[in-house]
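**Student:** Turn this into a model:
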Amino acid sequence: MNLDFSQIVPSIPFILEGIGATLKFVSVSILLGLILGTIFALCKISNKKWLKWPADAYTSIFRGTPLILQLMIIHYAVPQLFQYDIPVFLSAVLAFGLNSAAYVSEIIRAGIMAVDKGQVEAAEALGVAYRPMMLNIILPQAIKNILPALMNEFVSLTKESALVSTIGYLDIMRRAEIVGSQLYRNFEPLLFAGLIYWVMVFILSTIGRWVERRMRHSD
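**Tutor:** Numbers count the residues shown, from 1 in each chain. Model prediction:
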């Protein structure tokens, strides 16, 4: 096997710099997806059709089309319409954040629907308004039930972040590709990039299990 990892040693710091770039846009995307997902979930369970239908349509569109297509449309097609070049970072955050919001909204909606209806009836009997009831009673219970599914979504988002290399964002994957093209050796830098992604996902999964145990212990 024609393998020589010593040749990529000088390029390791360059590839490792991609960790910060990756975590930066992934964390912002997760935050955006969580906020929008929560809003859309509340719209879906609403009795008002003018709130429910747009939220359902949004979820259908973003879950029914490939993420790479959404990324390409935001970065390459939208500037064609508005004559504005979207920065690579903003394109990545919008594509991943909006896509994640569609999945997160379904996860949160399912978690809310799984909460015992008696909780809602008790809150209404005590005269608790809808907004504080959702924020202080229903959502905290729903979060405990859906935490594993949310962590799985965040793990998937971290892995899929490698797609931003297709629009030139200097993440881990893009830097590994650059090193491979310079050395005419692709296996070693790509394998090293894969190792970095595995470590990141392992750490994120470990944190998720720790949080889940703490929340169960608090019960």
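
**Student:** pLDDT averaged over the helix or strand encompassing E153, what's the number?
**Tutor:** Secondary structure from DSSP states H and E places E153 in helix 139-160. Averaging pLDDT along helix 139-160 yields 85.

**Student:** Ok, stretch 13-24 next?
**Tutor:** Stretch 13-24 comes out at a mean pLDDT of 93.

**Student:** With stretch 114-126 instead?
**Tutor:** 79.

**Student:** What residues sit buried inside that stretch?
**Tutor:** 115, 120, 123 (16 or more other CB atoms under 10 Å). No exception for glycine: its C-beta is placed from N, CA and C like everyone else's.

**Student:** buried ones in the helix holding E153?
**Tutor:** Buried, per 16+ other CB under 10 Å, within helix 139-160: 139, 142, 146-147, 149-151, 153-155, 157-158, 160.

**Student:** In PDB, list the C-alpha atoms belonging to the helix or strand just after it.
**Tutor:** Next helix or strand after helix 139-160 toward the C-terminus (DSSP H and E): helix 172-183. The C-alpha atoms that make up helix 172-183 are tabulated as PDB, following Å, rounded to 0.1, in the frame of the first residue of the first chain:
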ATOM      1  CA  ILE A 172     -11.900  20.700   7.700                       C
ATOM      2  CA  MET A 173     -12.900  18.900   4.500                       C
ATOM      3  CA  ARG A 174     -11.900  21.800   2.200                       C
ATOM      4  CA  ARG A 175      -8.500  22.100   3.800                       C
ATOM      5  CA  ALA A 176      -7.900  18.300   3.500                       C
ATOM      6  CA  GLU A 177      -8.800  18.600  -0.200                       C
ATOM      7  CA  ILE A 178      -6.400  21.400  -0.700                       C
ATOM      8  CA  VAL A 179      -3.600  19.500   1.000                       C
ATOM      9  CA  GLY A 180      -4.400  16.400  -1.100                       C
ATOM     10  CA  SER A 181      -4.200  18.500  -4.400                       C
ATOM     11  CA  GLN A 182      -0.900  20.000  -3.400                       C
ATOM     12  CA  LEU A 183       0.700  16.700  -2.500                       C
END
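
**Student:** quick one, the very next helix or strand once past helix 172-183 and helix 139-160 angle?
**Tutor:** Per DSSP H and E, the first helix or strand lying C-terminal to helix 172-183 is helix 187-218. Here helix 187-218 runs at an angle of 170 degrees relative to helix 139-160 (axes from the mean of the first three to the mean of the last three CA atoms, to 10 degrees).

**Student:** The helix holding E153 - contacts with which helices or strands?
**Tutor:** For helix 139-160, the packing partners by 3 or more CB pairs under 8 Å, 6 or more residues apart in numbering; DSSP states H and E come out as helix 12-44, helix 88-114, helix 187-218.

**Student:** for the chain, which spans come out with low pLDDT?
**Tutor:** The model of the chain has pLDDT under 70 over residues 1, 216-219.

**Student:** Can you report how many residues neighbour the closest residue to A101 other than its chain neighbours?
**Tutor:** Spatially, and ignoring its direct neighbours in sequence, A101 is nearest to L36 (3.6 Å; CB to CB, 6 or more residues apart in numbering). By the criterion of other CB atoms under 10 Å, L36 has 18 neighbours.
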